[in-house]
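K.L.:
After the sequence you'll find the predicted model.
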Number of protein chains: 2
Amino acid sequence: MQKREITILGAGLVGSLLAILFCKKGYKVHVIERRPDMRNANISAGRSINLAMSHRGWQALEKAGMKKDLEEIAIPMYGRQIHNLDGSQVFQAYGKNNEAIYSVSRGELNKKLIAAAENAGATFTFNAKCNKVDINSNILQLEVDGIAKTIQADLLVGSDGAFSSLRSAYTSLDRCDYQQFYIGHGYKELSIPNGANNSFLIEKEALHIWPRKNYMLIALPNIDGSFTLTLFFPFNGEPSFASVQNDEEIIQFFESQFGDAKKIMPQFLEEYKTNPTASLVTVKTNIWVYQSKSFLIGDAAHAIVPFYGQGMNAGFEDCAVLMDIIEKNEESNWETILQEYQNARKINGDAVAQLALNNFIEMRDLVADPIFLERKKIEKEIGLRYPKEYLSVYEMVSFSHTPYSVALGTAQAQEKLYNQIINYGGDFFENLKLDKFIAQLNTWIAEYTTEAQKIMANG
Amino acid sequence: MQKREITILGAGLVGSLLAILFCKKGYKVHVIERRPDMRNANISAGRSINLAMSHRGWQALEKAGMKKDLEEIAIPMYGRQIHNLDGSQVFQAYGKNNEAIYSVSRGELNKKLIAAAENAGATFTFNAKCNKVDINSNILQLEVDGIAKTIQADLLVGSDGAFSSLRSAYTSLDRCDYQQFYIGHGYKELSIPNGANNSFLIEKEALHIWPRKNYMLIALPNIDGSFTLTLFFPFNGEPSFASVQNDEEIIQFFESQFGDAKKIMPQFLEEYKTNPTASLVTVKTNIWVYQSKSFLIGDAAHAIVPFYGQGMNAGFEDCAVLMDIIEKNEESNWETILQEYQNARKINGDAVAQLALNNFIEMRDLVADPIFLERKKIEKEIGLRYPKEYLSVYEMVSFSHTPYSVALGTAQAQEKLYNQIINYGGDFFENLKLDKFIAQLNTWIAEYTTEAQKIMANG
């Protein structure tokens, strides 16, 4: 059977990985990218310059034969290093078994994926802006190096990010439920430079957080010893990007809130004033695929906020799941394949969007909220007593491939469990009541998951 | 001071009315319309062929000097004529003082508005498709009678409906929260022809409803004695457009559900099979205006479902409120005028969208739900005892210009009141307890309204 030709819009992380995976299956793949080739140009993708790779990301990279390559540039982070307002620090491990998430340079990862896709046979057209997609004919109106060009796609893929042009065409379809919304916080990137001989000035193998209730600063390590910091801060209110603007306000803000970091951030004032303030969007849509002609993947289908470090991981998992579905269907019926893909992934895209929004609150509250800390203590205790029966939601999301929708159902079930424990009082752990509740937990998880999946499948 | 030139996208009801209002203020107005001139062509606007004009609509028409003209083609409907499954009928008056809403032909109304706008000095370009709007330069790429044309707008208005091209350009702006969603019901138009000598075969001065819990049929009178019927029916499930398809199924469905209507619907089978099934969208966005350059109005800003008969009324009220704001500001600062316009209307657009969704449930439940009927009885009793203090939400929406957001707050406050009455038991009306609650009602309304407005202003 003749294999279809794949045209991929967007040579970002997901588009490039997908190109590799399709090439490995013998498909002819062409990738169209709006920006110049990032291997030659010093450009950022308009996005955070590093990211946290976890289990789902690694699994998809392994499928693409890329895992080894990436291990060279990945730094394990075994937990959160919390920086309190008084300068004290606390370390919270992410997993029970020394699991880590990995700090990776977005640019380096993207370049390696593009190079690997080319090696696997994919062709790339850079500087190619897609002005219009006709989803019925699959004819694309491009502007390549400023010159108008029309191309005819066979199977078209929209991996063109949160502002996808393919998705934009889908939203005109009858009964397309579509939503984009921004949170009230923006972000700005800052840095801690490396020390002498590329040494790390703060703990290397951790994700650093300065939680300050309504805002936070985080830091991820880079292989040259530097750290990339991100300040998540409200656009308006007190304090906010609007209220902290002049030199005095900025210095006073960093001095009072991030005193320990400020000492090793010689450029913070310049960076705060010069670096752009970016916004954070969540995107949901109920049309991921169109007949047998095209589909959305990654941020184009489910842009999410970055607080669970799952944006890239979710997009990579989309790719891996799609490949599984293609294998199962023997590439005979693309309408069926694409429908199965949407059925499998739409509920999980919506679920990870919700998990990511929820985790922002968790991260900001890490220190400030005593109820939250009490809950963390209980969770740790339960995890130690029931290492097999009990996975925290964080472990599920980051160290397993349990569907995100199940993780969301688990979050609700665990919430119920904690409330019962807290209401029961202090000796809950002493008698054997907990066994009963742990046994019940899986029933609750199944119930909440079914309910959440039903809502997400319809909306 | 030189008045700005107004370019209006869309010669529908709202665009045409706005053209008249701007002309009356001495503005130069040009209207661009995708379809042919409906005065020469027998086309529908792709929308329901009649609509219910209520107080807000009349008020705006009066401002435009159009009220008299329209009275000729409007049929008053003083209440709902309920058709029960057993063939019995009940009449429910809409107001306490013989108020009516008015059945008007959408096409006739639109033609009269276009003609009046031309008389007032507005120019129209028909058959002009707007392919692209650059919201910074206000340059429009049109296709007029198939020929490409570029025009430069000064102040641009998007009254181009639920699928507005101007709004589509706005959604790419940073921090634009945008949402479109469809309900699970579609609609199909049917008809009851007129009798001998243009007589009406069912009660003329009422809005007829066949409420059947999960779906309903409604009928509005036309001046020629016929009625336009609309079946609101689920797309899927049992029964639904999907399950009622062949002749036998259609006949059996109408026979068992709308037996009295079927007798006077000679064309129902043909109409059901031939007329399109249309979908029902709600649109919300937080960007209604862009600097001093452009703004959205009517469905383009707040497409809603038709169940409160308020789509056109809300759009006309947008126009009237905008004119008031222009007058207040002496046309000096358009950025201020447009911002005031958004502040005034956005919360009310969101509120009427919610009221319209809620009213679908009310209309379908009219007969079937005993709790709902008990509540209607209590409402009527309160209205009689407190004719001045107590307006039903329906009266507020249809017979007053109370802001929709206040009507939404009132709906919540009245819900609270009814629950207290129902929980209190039977002798609530006998002692003087009710006085106390009625006195409290305004406080509750204010509280709920403030809360609802805050949420809607932010999202």
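P.N.:
That came in fine, so what should we check first?
K.L.:
can I get the CA coordinates of stretch A:273-284 in PDB?
P.N.:
Taking C-alpha atoms only, stretch A:273-284 is exported to PDB below (Å, rounded to 0.1, in the frame of the first residue of the first chain):
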ATOM      1  CA  LYS A 273      14.000  46.100  32.500                       C
ATOM      2  CA  THR A 274      15.000  44.700  29.100                       C
ATOM      3  CA  ASN A 275      13.600  41.200  28.800                       C
ATOM      4  CA  PRO A 276      10.100  40.900  27.500                       C
ATOM      5  CA  THR A 277       7.100  40.200  29.800                       C
ATOM      6  CA  ALA A 278       5.300  37.300  28.200                       C
ATOM      7  CA  SER A 279       1.700  36.000  28.800                       C
ATOM      8  CA  LEU A 280       0.500  32.500  29.500                       C
ATOM      9  CA  VAL A 281      -2.300  31.000  27.500                       C
ATOM     10  CA  THR A 282      -4.400  27.800  27.800                       C
ATOM     11  CA  VAL A 283      -6.100  26.500  24.600                       C
ATOM     12  CA  LYS A 284      -8.900  23.900  24.300                       C
END
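K.L.:
For it, list every residue counted as buried.
P.N.:
A:280-284 (16 or more other Cβ atoms under 10 Å in any protein chain shown). For glycine as for every other residue, the C-beta is placed from the backbone atoms N, C-alpha and C.
K.L.:
same question, stretch A:87-107
P.N.:
A:92, A:94-95, A:99-107.
K.L.:
Ok, stretch A:22-41 next?
P.N.:
A:22-23, A:27, A:29-35, A:38.
K.L.:
picking up where we left off before, and the buried residues of stretch A:273-284, which is closest to chain B?
P.N.:
Using Cβ to the nearest Cβ, residue A:281 comes nearest to chain B of the buried residues of stretch A:273-284, at 8.3 Å.
K.L.:
So in that sheet, which strands flank the helix or strand hosting that closest one, and in what orientation?
P.N.:
If you go by DSSP states H and E, residue A:281 is part of strand A:278-285. According to DSSP bridges, strand A:278-285 forms sheet pairs with strand A:178-192 (antiparallel).
K.L.:
for the record, mean pLDDT for the helix or strand following the partner strand?
P.N.:
Using DSSP H and E, the helix or strand that follows strand A:178-192 in sequence is strand A:207-211. Taken as a whole, strand A:207-211 has an average pLDDT of 95.
K.L.:
what does the average pLDDT come to for the helix or strand following strand A:207-211?
P.N.:
Downstream of strand A:207-211, the first helix or strand assigned by DSSP H and E is strand A:216-221. In this model, strand A:216-221 has a mean pLDDT of 96.
K.L.:
and the angle for strand A:216-221 with strand A:207-211?
P.N.:
Computed with axes from the mean of the first three to the mean of the last three Cα atoms, to 10 degrees, the direction of strand A:216-221 lies at 170 degrees from that of strand A:207-211.
K.L.:
which strands and helices sit next to the helix or strand following strand A:216-221?
P.N.:
The helix or strand immediately downstream of strand A:216-221 is strand A:227-234, counting by DSSP H and E. If you count contacts as 3 or more Cβ pairs under 8 Å, 6 or more residues apart in numbering or on different chains; DSSP states H and E, strand A:227-234 packs onto strand A:178-192, strand A:216-221.
K.L.:
thinking again about what came up before, now do the strand holding residue A:281, average pLDDT.
P.N.:
Per-residue scores along strand A:278-285 average to 97.
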